[in-house]
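Participant: Curious how this folds, go ahead:
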Amino acid sequence: MTVLDDMRAAIGPAAVLTDAADRVRYEQGARYDSGTCLAVLRPADTHEVATCVAIAARHQMRIVPQGANTGLVGGSTPDGSGGELVLSLQRLKGFALDLDNASATVGAGMLLSELNGRLAGEGLFFPIDLGADPSVGGMVATNTGGARFLRHGDVRANVMGLTAVLPDGQVLRLGAGLRKDNTGPDWKQLLIGTSGAFGIVTEAELHLSPLPRETAVALLVPAAPEAVLPLLREAERRFGALLSAFEGMSREAVCAALAHVPSLRDPFAPGPVPDYAILIEIARSSAAAPGEAGLDDLLQAVLSDLIEAEPGLLADARFGRPEHGWALRHALSEGVKAAGRLIAFDLGFRRGDTMRFCAQMREELARTHPEVSVCDFGHIGDGGVHFNLVVPPGSACATDPAAEAALRARIVEVAVRDFGGSFSAEHGIGRRNQKFHDIYADPALRRLSKAILETLGGARLGAARFD
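Facilitator: Below is the predicted model:
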């Protein structure tokens, strides 16, 4: 029997998609790296996932797990060979809420919006804030951070347990909803942020947070680029645990969003958009004590004092409704993508290096690629930078793949070698970043990864290769 015969017998013919018209939406990447697969598998539960993986292992076939397919580095799409199997986790939508444990056990196919919709009635949410709507399994596979990492951490910090299928088809259950367990290695961490290579996550137990009762947002204009990090430190000192977001936005990124997303309001009108702006958010889930100032008043008082007392840090602050500030922040990616041919990077640095890297690369690109527009934005509070380059039609980087590849390589070289940063802060490896992993990953760690994969049944899962 062929691999497809075995799959149809195991999970039913309707769950094995082979027609090109049925496969196409699973083969197209959200931004990059579309491919062609032999078939799309749509198992209904962990047992069926394990069966599919075991069959594929027996036939020595590669499986690429896929959730909502919102990733930006080709981590959930097949290559162009037509010989890989895409395993969609969309049907895994289980949900069990444990209010006493402040946790929920959720199927890998559930979308973030679906999860938070179920939790809202209990006054809870899963506190990973993203512009996209990924699946739980995809968030675990990429260890997503998002805009509120500063307050809540990344997915890794909020996962209490996992169920996963190993490369040989074994099912492994890791963690039991415990916040404290020092009886051995925390093996679930091996499966978080590794793109499904060490195992396909089918279920996750997630730590939940209380929904904020009160939120206040402002857009800050730093006095100078070198004031951004001192301003962050001052915000942390003055607001403490209330500080939930500190998001940086370049003028070029803001202008792209305002130009291409008609629903946005220009918060800086009638004046010009500043060279750099910061969205700051403070929030609390508790009710204000009698006589205690509301967060809007607190934010305005602190920032007004900063403008007066520290003019070298803060030049201006614009106040408004939180949803308006976040609408602008979440529109940046859409606006930049619509502005032209996009060459995008997801970089991570020590916090103090974020602005230095951006300044150095802007200066270099002005000399070497003056036609390129730098539209950077990112998570200043955790050192994450979405360093986006918009190249005009007809330019070398828009028409010559070798020129684009050379520019990509240079940006990553500076980020990793000169600044000690990461070429993938939160998007994962995927096909888009594989070459950079092969260049910059520590050889000793690659040997360790290979040994672990061989122990688990081989390197046959996922688009990324760690062996």
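Participant: per-residue confidence for Leu389?
Facilitator: Listed pLDDT for Leu389 reads 97.
Participant: Give me the number of neighbouring residues for it.
Facilitator: Neighbourhood size, Leu389 [other C-beta atoms under 10 Å]: 24. Where you see a C-beta, it was placed from the backbone N, CA and C, and this is true even at glycine.
Participant: Please apply the same query to Arg118.
Facilitator: Residue crowding around Arg118 was assessed by other C-beta under 10 Å; the count is 17.
Participant: Compute the number of surrounding residues for the residue lying closest to it once chain neighbours are set aside.
Facilitator: Nearest-residue entry for Arg118: Phe95, 6.1 Å, with adjacent residues in sequence omitted and distances by C-beta to C-beta, 6 or more residues apart in numbering. Neighbours of Phe95 under the rule other C-beta under 10 Å: 14.
Participant: wait, Val136 sits on Ala204?
Facilitator: Yes. Counting by C-beta atoms under 8 Å, Ala204 is a contact partner of Val136 at 5.6 Å.
Participant: Common neighbours of these two, please.
Facilitator: Val106, Ala108 (C-beta atoms under 8 Å, 6 or more residues apart in numbering).
Participant: quick one, what contacts Leu389?
Facilitator: By C-beta under 8 Å, 6+ apart, the residues touching Leu389 are 342-345, 365, 369, 372-375, 397, 407, 411.
Participant: For it, which residues count as its bridge partners?
Facilitator: Ile343, Val374 (DSSP bridges).
Participant: ok so Glu292 is a strand residue?
Facilitator: No. If the criterion is DSSP: H, G, I helix; E, B strand; the rest coil, then Glu292 is coil and not within a strand.
Participant: how about Ala283, phi and psi?
Facilitator: Dihedral angles of Ala283 (phi, psi; degrees, to the nearest 10) stand at phi -150, psi 160.
Participant: let's number from 6 now, not from 1
Facilitator: New numbering, starting at 6: the last item is Ala288.
Participant: What is the neighbour count of it?
Facilitator: By other C-beta under 10 Å, neighbour count at Ala288 equals 21.
Participant: returning to what we had before: my guess is the residue nearest to Arg123 contacts Asn121. True?
Facilitator: No. Using C-beta under 8 Å, Phe100 is not in contact with Asn121; the gap is 11.8 Å.
Participant: mind listing what Gly389 touches?
Facilitator: Gly150, Phe154, Asp351, Leu352, Gly353, Thr359, Gly383, Ala430, Glu431.
Participant: And these, which of them are buried?
Facilitator: Among those, those scoring as buried are Gly150, Phe154, Asp351, Leu352, Gly353, Thr359, Gly383, Ala430, Glu431 (criterion: 16 or more other C-beta atoms under 10 Å).
Participant: Please name the nearest non-neighbouring residue to Gly80.
Facilitator: With C-beta to C-beta, 6+ apart as the criterion, Gly80 has its nearest non-adjacent residue at 3.3 Å, and that residue is Gly435.
Participant: so what's the one you found up against?
Facilitator: By C-beta under 8 Å, 6+ apart, the contact list for Gly435 reads Asp38, Gly76, Leu77, Val78, Gly79, Gly80, Ser81, Ser200, Ala468, Ala469.
Participant: Same list (those residues) but as JSON lines, adding secondary structure, neighbour count and distance to Pro397.
Facilitator: Converted to JSON lines, the contacts of Gly435 look like this (DSSP: H, G, I helix; E, B strand; the rest coil; neighbours: other C-beta atoms under 10 Å; distance: C-beta to C-beta, whole Å):
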{"residue": "Asp38", "secondary structure": "coil", "neighbour count": "22", "distance to Pro397": "23"}
{"residue": "Gly76", "secondary structure": "coil", "neighbour count": "28", "distance to Pro397": "27"}
{"residue": "Leu77", "secondary structure": "coil", "neighbour count": "21", "distance to Pro397": "22"}
{"residue": "Val78", "secondary structure": "coil", "neighbour count": "26", "distance to Pro397": "24"}
{"residue": "Gly79", "secondary structure": "coil", "neighbour count": "26", "distance to Pro397": "25"}
{"residue": "Gly80", "secondary structure": "coil", "neighbour count": "31", "distance to Pro397": "29"}
{"residue": "Ser81", "secondary structure": "coil", "neighbour count": "34", "distance to Pro397": "30"}
{"residue": "Ser200", "secondary structure": "coil", "neighbour count": "28", "distance to Pro397": "33"}
{"residue": "Ala468", "secondary structure": "coil", "neighbour count": "30", "distance to Pro397": "31"}
{"residue": "Ala469", "secondary structure": "coil", "neighbour count": "24", "distance to Pro397": "32"}
